[in-house]
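# structure, please.
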Amino acid sequence: MPLFEYECRGCGHRFEYLTRESQSPACPSCQGAELQKLMSVFAAQSSSPAKSFADRPMSACGSCGDPRGPGACSMN
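Coordinates of the predicted model:
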């Protein structure tokens, strides 16, 4: 069952709705049915620590000059 995010066009309330067969979402605040489906991002959990772009070297690759840094190109 997919989980969708909606915004009510009547009152502006944002909410999530777990889609089920033969049921239509309604705003939990005003019970309005004029809804806009929102784009949302998903979250994932990992047992390893998160990596950021700050962990990457800022200098160019010595072999080819790739601006992403050493090891970023296929010449290694």
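# check the separation of the first and last residues in stretch 6-15.
5 Å (CA to CA, to the nearest Å).
# show residues contacting that stretch.
5, 16-17, 25, 27-30, 32, 34-38 (CB atoms under 8 Å, 6 or more residues apart in numbering). For glycine as for every other residue, the C-beta is placed from the backbone atoms N, C-alpha and C.
# flag every buried residue along it.
Within stretch 6-15, the residues that count as buried by 16 or more other CB atoms under 10 Å are Tyr6, Cys8, Phe15.
# looking at the residues you listed, which one is closest to Ser46?
Using CB to CB, Phe15 is the member of those that lies nearest Ser46, at 27.6 Å.
# after the helix or strand hosting that closest one, next one along is what?
Secondary structure assignment for Phe15, by DSSP states H and E: strand 14-18. Counting by DSSP H and E, the next helix or strand C-terminal to strand 14-18 is strand 35-38.
# mind listing the strands that following strand pairs with, and their directions?
strand 3-8 (antiparallel) (DSSP bridges).
# got the angle for the partner strand vs strand 14-18?
140 degrees (axes from the mean of the first three to the mean of the last three CA atoms, to 10 degrees).
# for strand 3-8, what is the average pLDDT?
What strand 3-8 shows for mean pLDDT is 91.
# tell me the confidence at Arg49?
Not Arg; residue 49 is Pro. Taking Pro49 on its own, its pLDDT is 67.
# just put the buried residues of stretch 6-15 in JSON lines and tack on distance to Ser47.
Putting those into JSON lines (distance: CB to CB, whole Å) gives the following:
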{"residue": "Tyr6", "distance to Ser47": "33"}
{"residue": "Cys8", "distance to Ser47": "38"}
{"residue": "Phe15", "distance to Ser47": "31"}
